[in-house]
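*Asks:* The sequence and its predicted three-dimensional model are supplied below.
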Amino acid sequence: MKKTIAGTEIDVNEEGYLADATQWNEAIAAAIATEEGIGALTDAHMKVVIYLREQQAKGASLTIRSMGKSGVVTTKELYDLFPGGPLKKSSKIAGIPKPVGCI
Amino acid sequence: MSTPDDKQPVKKMSIIVSRGSLDGIYPALIMANGARMEGIEASLFFTFFGLNALANKTLDHLKVSTVGNAALNMAMPMLGLPITMPFPTVMGAIPGVSAFATHLMNKEMEKLAIPPVREFLELISDSGGKIFACKLAMDMFKLKKEDLMDRVDDVLTVGQFYEESAGVGTHILFT
């Protein structure tokens, strides 16, 4: 599925997650954040987003628990930064696939 | 996700935890944490033997129930045997067997990144989930709030728990 985000045509799945993480850039992140009701992305948001992309590139499985232990963000901060589904929303903004784990 | 008018979203899960074995407690913790991950509010209300999961003296040593657990089979404690082979209750009564089954299950859960009970409660608390203890059960087991782990938000009566659960889109789940 094609979608125009921040003036660029991007491949997304039906839930709006980027199909190809390499098509991502910061303008796209900002546009998705607005769409998800997160608002303007701060440095704290971006630290999480960059970390998610690094971990995804390494093939690590991402969980709320592993995020809280990452040293990048605490569990509380993650929930405050991305209210209403922290891992799902941060992953979407980071342009990586929707997390599939239950933890 | 789209929500048609006839599909009211779950807004809050109020989960009652009445059992105190490892296998009795984990499903509730997983459901509560999963709710928070989806942006759904979550409350846990621990009553009767469920208080084992909150009492500092017991919560790090919860065991799988190997006696009188008809659903337990030889595959369940990850012994690698078929799921159709029942776990004999007589065997479960032998000292050390429950501890061994617990050890196997804990190892398996660690592989799946499921945290130990104390860490799981901290995770749920950090994520904004609420942890409550039942007043009547506390009185019955002669427990005080200071006997419970530090993330317990409050000790509630049944009435207070229902008040706490008020709201359209709240679901109350008994485990």
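*Replies:* It's in. Residues are numbered from 1 along each chain as shown, chains lettered A, B, ... in the order given.
*Asks:* C-alpha only now, for contacts and for neighbours.
*Replies:* Fine.
*Asks:* buried ones in stretch B:164-175?
*Replies:* Under the neighbour-count criterion of 16 or more other C-alpha atoms under 10 Å in any protein chain shown, stretch B:164-175 has B:165, B:170-172 buried.
*Asks:* Could you do stretch A:18-33 as well?
*Replies:* Going by 16+ other C-alpha under 10 Å, stretch A:18-33 has these buried residues: A:18-19, A:21, A:24, A:28-33.
*Asks:* Just those: which are in helices?
*Replies:* Mapping the buried residues of stretch A:18-33 onto helices (DSSP state H) picks out A:28-33.
*Asks:* Turn the residues you listed into JSON lines, columns for pLDDT.
*Replies:* What follows is these, written out as JSON lines (pLDDT from 0 to 100):
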{"residue": "A:28", "pLDDT": "93"}
{"residue": "A:29", "pLDDT": "94"}
{"residue": "A:30", "pLDDT": "94"}
{"residue": "A:31", "pLDDT": "93"}
{"residue": "A:32", "pLDDT": "94"}
{"residue": "A:33", "pLDDT": "95"}
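*Asks:* Just name the closest of those to residue A:95, please.
*Replies:* Comparing these against residue A:95 with C-alpha to C-alpha places residue A:29 closest, at 7.3 Å.
*Asks:* Contact residues of chain B facing chain A?
*Replies:* B:1, B:30, B:33-34, B:36-40, B:113-115, B:123, B:126-128 (C-alpha under 8 Å from any C-alpha of the partner chain).
*Asks:* how about a cut-off of 10 Å?
*Replies:* Proximity of chain B to chain A (C-alpha under 10 Å from any C-alpha of the partner chain) is limited to residues B:1-2, B:29-31, B:33-41, B:112-115, B:119-120, B:122-128.
*Asks:* Can you go through the residues you listed and name the buried ones?
*Replies:* Buried members of the residues of chain B next to chain A, counted by 16+ other C-alpha under 10 Å: B:29-31, B:33-41, B:113-115, B:120, B:122-128.
*Asks:* I'd like to know which of those residues are part of strands.
*Replies:* Among those, the members falling in strands (DSSP state E) are residue B:41.
*Asks:* wait, which of the buried residues of stretch B:164-175 is closest to chain A?
*Replies:* residue B:170 (16.1 Å; C-alpha to the nearest C-alpha).
*Asks:* Return the residues in contact with the closest one.
*Replies:* The neighbours of residue B:170, taking C-alpha atoms under 10 Å, 6 or more residues apart in numbering or on different chains as the test, are B:9-14, B:40-42.
*Asks:* Show me which residues of stretch B:149-161 are buried.
*Replies:* So for stretch B:149-161, counting by 16+ other C-alpha under 10 Å, buried means B:149, B:151-152, B:155-156, B:161.
*Asks:* Lowest-scoring secondary structure element of chain B by mean pLDDT?
*Replies:* helix B:89-92 (a mean of 80; mean pLDDT, DSSP states H and E).
*Asks:* Spell out which residues of chain A are next to chain B.
*Replies:* Residues of chain A lying near chain B (C-alpha under 10 Å from any C-alpha): A:14-16, A:61-66, A:68, A:74-80, A:82-89, A:101-103.
*Asks:* Could you pick out the buried ones from the residues you listed?
*Replies:* A:16, A:62-65, A:68, A:74-75, A:77-79, A:82-89, A:103.
*Asks:* among those residues, which are in helices?
*Replies:* A:64-65, A:68, A:75, A:77-79, A:86-89.
*Asks:* related to what we said a few turns ago, how about the buried residues of stretch B:149-161 in CSV, adding secondary structure, distance to residue B:137 and pLDDT?
*Replies:* Shown next, in CSV, are the buried residues of stretch B:149-161 (DSSP: H, G, I helix; E, B strand; the rest coil; distance: C-alpha to C-alpha, whole Å; pLDDT from 0 to 100):
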residue, secondary structure, distance to residue B:137, pLDDT
B:149, coil, 16, 96
B:151, coil, 18, 96
B:152, coil, 15, 97
B:155, strand, 10, 97
B:156, strand, 10, 97
B:161, helix, 13, 96
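*Asks:* Tell me which of the buried residues of stretch B:164-175 fall in helices.
*Replies:* Filtering these for helices - DSSP H - leaves nothing at all.
*Asks:* Closest one of those to residue A:9?
*Replies:* Closest approach between the buried residues of stretch B:164-175 and residue A:9, by C-alpha to C-alpha: residue B:170, at 40.0 Å.
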